[in-house]
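Asks: Take this sequence and fold it.
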Amino acid sequence: MTQPTPSPVIATEDVHADLTVIGGGLAGVCAAIGAARQGASVTLIQNRSVLGGNSSSEVRVWVCGATAHGVQHYARETGIMGELFVENQFTNADGNPYYWDLVVGEAVRAEPNITLFLNTDVREVEADGPEDARSIRSVTGWQMGSERRLRFTSTSFVDATGDGLVGFLAGARYRTGRESRAELGESWAPEEPDGQTLGSTILFYTKDVGHPVKFVPPSFAKDIAQTSIPELRGIRVDANGCDYWWIEWGGDRDVVADNELIRDELQAAVYGIWDHIKNSGKYDADNLTLEWVGSVPGKREYRRFVGDHTLTQHEVLGQEQFDDRVAFGGWSIDLHPPGGMYATEHGSRHWHPDGNYHVPLRSLYSANVTNMWMAGRNISASHVAFGTTRVMATCAVIGEAAGVAAAVAVADGVSPRELATSRFELVRRALVRADAAVLGVLHDDPADAALTARVSASSTLRTLAAQTPSGILDLATQVALVVPVDPALDGIEILIDADVDTELVLEVHDPELGQNYIPRDLVDTVTVAVPAGEKQWVRLPAQWRPASARNAFLVLRANADVRVHTADTPLPGVLTFTHRDPGEDERYTEQWREWKQVLQRGSLCVRLEAPTDAYAAERAVGGYARPFGGPQMWISQPLAHDPEPTLSLAWDEPVDLAEVAVIFDDDLDEDLINLHHHRTPFDVLPTLVRDYRVEAEVDGGWQVVADVTDNRRRHRRHPLEVPVPASAVRLVVTATNGTDSARVVSLRAWADGQS
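Replies: This is a model prediction of the structure:
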C-alpha cells in the first residue's frame, strides 16, 4: 500500500548583519551604501529582480530632486545620489532605463560590506516590547525562484519599503491620508482629515519603426473619449515615459489593498490612450508602435511613520534650519488630485520654497520602535510636506542619511533618539566626511589635519570678469546677476548699448540664506546717467560689505532703451536671470518664480572692480563642501598662466597621515536627470579635474600618494597602505575636463583610515 508522502519542510536560513535594509529603491540603496561605507555589515533586501524602485526599468520614473528641474540653483545632490547622477551621465548618454539599472546595481555590488538579496519578499516581522518601546528582532522573507525562507537579524533595521510594511508589522505608529488644516496649521491641508493620497502611475514608451503599424486595442482598453483626458491632459505623439506622469489613479482608494484594481485601471487607460493616438485620426502616428508598457504601478504615497519630529509645510516653505539637519530637498510641494487622470482640476499644483529646505534626523526614526529607521517616502512628515520629500533624489539623500546614522548608532551603541539629541556631532561629521547632501553644515572634524595646516596655492583667481561679447539681452524687462561678495562689492561695470541718453538703475539685494538665489533684502540702489552709444562699459558704483562672505543679487531695472551684452564665458558662482510675470496656470498652482535663469553656461559682460577672495585657497579647507553663500572652492588662475596649479597644506610638526581625500567641482548647478528629461551636453562635467597627483612630504622628500588620469568623479579618496608622518601635502593638477582653471572644493588630510 502506498504510504502518504510527508509534507515537505523548507528550512529557515539565518542571515545576520549589523544593519538590515528592507527595500531596494534609491532610498534603500543609498541607505545600504552609506552604512557599508561606515564599516557596517549590511544586508540589502529587494522584492524585485532589479534595484532602483520607481526609477528602475520596471517603472521608469525620472529621478527628480532638489534642483526642481532648474528652479533651485546649485542644488543637485552630492553623496551617493550625486555619484549615481554623474556616473549615469557618462555611461548612459541616451537615458536608457536598462543602463540606469546597471549604474544602480554596480554601485551596490562595488561595496564589499553589502550582501544583496533580490527577489526576496519580507512577509514576517518579529518584534516585542511595550507599545511605546518596541524592538524588531528579525524579519523573514521568501526568495522567489530559489524557494528559500530567509530570516534576517540585526541590531537595527531600515524600512525603505516605500509602503512601510516592516514598520506596520512591527507596530510602528504611522499616518495615512491627509491631516486636517487645523491639526498642523497647514494652508494646503483640507478642512477635514481624510484617507485620500496621491495615486499610482503606469507609463509607456513608443518607437518609430519606419513603416505603418496598426494597433488593435485589447478588450479592456478604456475609451478615453468618454473621459476628460483628451480635453484636460497633455497627449502628445512625441511623449514617452514620464512625460505621461499624469496617468495616475487610486488616490481615493487604498493604494495597497486595491493595488491589483489600480494596476488594471491604469493599464486600461494606457491602452486606451494609445488607441486614441493610433486610431482617432488626430495624430501623425502611423509609424509608431508600443515599445514598452509598465506592469508595476509606480506608487507615490501610503504609510508615513511617526518619528520624534513631523516635518510640516511651514518648515519646508520657511526653510527651517534644524540643529539636527541631515539632508535637504528643493522640489516643490507637489500635490495631485485624488481623482488623478479623471479629475477635472489641473493634474498637479506646486509651491516652491525660496530655496532648498532641510530634513531633520528626528524625522528618520520611529518614535516607538527603538531600532527602526525610515528611508524614502515613509519618513515622518505631514501629507503636505510629503508632497516635496517624496521625489526620488530627495528620498535617496534621506536614505543615505538614515544609513549613515544607523551605522554610527550601531558602532557607538546608542539608540536613534540618543544619536539625534546627545550625540548628533557623530552623524554630522560622518555625513560631511562622506560628502553627503547637507546644507550649511561646517566641516570641523578634528580628524582632518588639513584644518590645522597652512594653506597656499600656486595661483588664485582674483578677478571676476567676462569681457568678450557674444550676444545681446534686451533690458525691456529686469535682468539680474548673482555674484559672490568676499569681502566687499565695490563697483561693477556692465557692457551695454543705449539708443538714447538715459539712466541705468542697479539694486543690490541680500538673499539672506546661503542656499537662496532670490532678492530678499535691498541694501543699496545706484543710478547713473548713460549717453547714447554702443558697447559702452558703464560703471555702477554699488557698495556692500556684508559681515561674512555671501552672494549679492544685483537687479538692473528695466529700460526699453538699453540692451546688455552677454558673453559665452561662464563665471564661477555667477548666475544670470530675467524677470517674468506668471501665466494663468502658474498663478493657480503657485509654481511660478519671478526670476528665471538664462545664460546657464554664459554671463553678462561684466567686470567687478574690486579683487575677490571668493576663490581663495583657504576656501578648500574646512568650511562648506558645496556652494553656500558663495562658490566655496579654490580656483586657480587660467592654465595658460599656471599650467600645473597646485594646492598645498603644510604643518610646523609632521602629522600622521592615513588618507588624502579631494572633492572636485562637478558644477552642482547642472540639472542631471537619470533618464534625461533634458540632455546636459557633455558626458563628463567640464569643471571636474581630469588628471592630478597627490604628494606628501615625508622626511624632507616628496612621495606620490596618488597619480590619477581620466578622473570623472567628484569625491576621490586616497588611503595610504601605511600611515606616514607628513610635514606637507600638495595636490598638483595637470589637466581639467574642459574649464580653463583648476577647481577644488575640499582638500582633506585624514589622520585615520575610517570611512
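
Asks: what comes up buried for the lengthiest strand in the chain?
Replies: In the chain, ranked by residue count with DSSP state E as the criterion, the top strand is strand 715-736. Along strand 715-736, these residues count as buried under the neighbour rule (16 or more other Cβ atoms under 10 Å): 715-717, 720, 723-724, 726-736. For every residue, glycine as well, the C-beta is placed using N, CA and C.

Asks: Stretch 678-688 now?
Replies: Thr680, Val684, Leu685, Pro686, Thr687, Leu688.

Asks: same thing with stretch 441-453?
Replies: Neighbour counts using 16+ other Cβ under 10 Å place Val441, His443, Asp445, Asp448, Ala449, Ala450, Leu451, Ala453 of stretch 441-453 among the buried residues.

Asks: any idea which of those is closest to Thr153?
Replies: Closest to Thr153 out of the buried residues of stretch 441-453 is Asp445 (32.5 Å), distances taken as Cβ to Cβ.

Asks: The closest residue in space to that closest one that isn't next to it in sequence: helix or strand, and which one exactly?
Replies: The shortest distance from Asp445 to any non-neighbouring residue, by Cβ to Cβ, 6 or more residues apart in numbering, is to Arg429 (4.5 Å). Per DSSP states H and E: Arg429 is located in helix 424-433.

Asks: what's the angle from that helix to strand 715-736?
Replies: Angle of helix 424-433 versus strand 715-736, following axes from the mean of the first three to the mean of the last three Cα atoms, to 10 degrees, is 30 degrees.

Asks: end-to-end on stretch 363-382?
Replies: One end of stretch 363-382 sits 11 Å from the other (Cα to Cα, to the nearest Å).

Asks: oh, I was asking about stretch 597-606
Replies: End-to-end distance for stretch 597-606, by Cα to Cα: 17 Å.

Asks: residues of it that come out buried?
Replies: Result for stretch 597-606 [16+ other Cβ under 10 Å]: buried residues Gln597, Leu599, Gly602, Ser603, Leu604, Cys605, Val606.

Asks: and the two most separated of the residues you listed?
Replies: Using Cβ to Cβ, these reach their maximum pairwise distance at Gln597 and Cys605, which is 17.5 Å.

Asks: Any idea which helix or strand in this structure has the lowest mean pLDDT?
Replies: In the chain, the helix or strand scored least confidently by mean pLDDT, DSSP states H and E is helix 584-589, which has a mean of 52.

Asks: In terms of secondary structure, what does the next helix or strand after that helix contact?
Replies: Tracing the chain past helix 584-589, the next element assigned as helix or strand by DSSP H and E is strand 595-598. Helices and strands touching strand 595-598, as assessed by 3 or more Cβ pairs under 8 Å, 6 or more residues apart in numbering; DSSP states H and E, comprise strand 575-579.

Asks: Give me the contacts around stretch 733-745.
Replies: Defining contact as Cβ atoms under 8 Å, 6 or more residues apart in numbering, one finds that stretch 733-745 is touched by 461, 572, 620, 625-626, 632-640, 642, 644-647, 662-665, 682, 684-693, 711-712, 714, 731.

Asks: Relative to Gln72, how far out is His336?
Replies: Distance, His336 to Gln72, using Cβ to Cβ, to the nearest Å: 21 Å.

Asks: Could you do Leu198 as well?
Replies: Distance, Leu198 to Gln72, using Cβ to Cβ: 22 Å.

Asks: The spatially closest residue to Tyr302 that is not a sequence neighbour: what secondary structure?
Replies: Counting by Cβ to Cβ, 6+ apart, Asp163 is the residue found nearest to Tyr302 once chain neighbours are left out, at 4.4 Å. Assigned with DSSP: H, G, I helix; E, B strand; the rest coil, Asp163 falls in the coil class.

Asks: all numbers from here: first residue = 43
Replies: Okay, residue one is now 43; in that scheme the one you just asked about reads as Asp205.

Asks: Please report phi then psi for Asp205.
Replies: phi -80, psi -10 (degrees, to the nearest 10).

Asks: wait, isn't it in contact with Asn420?
Replies: Yes - under the contact definition of Cβ atoms under 8 Å, Asp205 touches Asn420, with a separation of 7.3 Å.

Asks: Need the CA coordinates for stretch 275-291. PDB is fine.
Replies: Listed next in PDB are the C-alpha coordinates belonging to stretch 275-291 (Å, rounded to 0.1, in the frame of the first residue of the first chain):
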ATOM      1  CA  ARG A 275      -4.400  66.100 -20.200                       C
ATOM      2  CA  GLY A 276      -1.400  66.500 -22.400                       C
ATOM      3  CA  ILE A 277      -1.500  63.800 -25.000                       C
ATOM      4  CA  ARG A 278       1.500  64.200 -27.400                       C
ATOM      5  CA  VAL A 279       2.900  61.900 -30.100                       C
ATOM      6  CA  ASP A 280       6.400  62.800 -29.100                       C
ATOM      7  CA  ALA A 281       5.800  62.000 -25.400                       C
ATOM      8  CA  ASN A 282       7.400  59.000 -23.800                       C
ATOM      9  CA  GLY A 283       7.600  57.500 -20.300                       C
ATOM     10  CA  CYS A 284       7.400  60.100 -17.500                       C
ATOM     11  CA  ASP A 285       6.000  62.700 -19.900                       C
ATOM     12  CA  TYR A 286       2.800  60.800 -19.000                       C
ATOM     13  CA  TRP A 287       3.200  61.300 -15.300                       C
ATOM     14  CA  TRP A 288      -0.400  62.300 -15.200                       C
ATOM     15  CA  ILE A 289      -1.600  58.800 -16.000                       C
ATOM     16  CA  GLU A 290      -2.500  58.500 -12.300                       C
ATOM     17  CA  TRP A 291      -5.300  56.800 -10.400                       C
END
